[in-house]
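Peer 1: Predicted model follows, preceded by the sequence.
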Amino acid sequence: MANTQSAKKQARSSLRKHDRNRTRRSTARTKIKKARLQIEGGDLEAAIAATRQAVSSLDRAAAKGAIHRNNASRRKSRLMKRLAALEAQQAAE
């Protein structure tokens, strides 16, 4: 438990930041999941729109410090890779 006044204030601040970051991470995860479901569903237009939203959410979470920028970049890369595979599949048909 924090003893000094500044440590108590920092603990309160950390809790507020934790709640804010948790919301941002959760939103990003939800949008990633929706994008992956759209990609697996095979609807290209919906998949592109959902992926755009997921990428935006990841960028926002990284900018606010909720996740590391490399983590956001890695997730975006994996998502775009799946989308590109769907586009290639659609083009082949």
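Peer 2: Structure's in. What do you need?
Peer 1: can you list contacts of stretch 61-81?
Peer 2: Applying CB atoms under 8 Å, 6 or more residues apart in numbering, the contact partners of stretch 61-81 are 20-22, 24-25, 27-28, 32, 35-36, 39, 51, 54-55, 58-59. Any C-beta I mention is one placed from the backbone N, CA and C, and that applies to glycine too.
Peer 1: Widest-spaced pair of the residues you listed?
Peer 2: Largest separation among those by CB to CB: Arg20 and Ile39, giving 29.2 Å.
Peer 1: More neighbours: which of those two?
Peer 2: A count of neighbours by other CB atoms under 10 Å puts Ile39 above the other of Arg20 and Ile39, at 22 against 13.
Peer 1: isn't that one right up against Leu86?
Peer 2: Yes - in this structure Ile39 lies within contact range of Leu86 using CB atoms under 8 Å: 5.2 Å.
Peer 1: quick one: the residue nearest the centre of the chain from Asn3, how far?
Peer 2: In the chain, the residue lying closest to the centroid (CA atoms, centre = their mean) is Ala28, at 3.0 Å. Note on Ala28: its distance to Asn3, by CB to CB, to the nearest Å, is 36 Å.
Peer 1: Please tell me how far the residue found closest to Leu37 once you drop the neighbours it is linked to in the chain sits from Ser26.
Peer 2: Nearest residue to Leu37, sequence neighbours excluded (CB to CB, 6 or more residues apart in numbering): Ala50, at 7.9 Å. Going from Ala50 to Ser26 by CB to CB gives 17 Å.
Peer 1: which of those two has more neighbours?
Peer 2: Using other CB under 10 Å as the criterion, Ala50 and Ser26 rank with Ala50 on top: 23 against 12.
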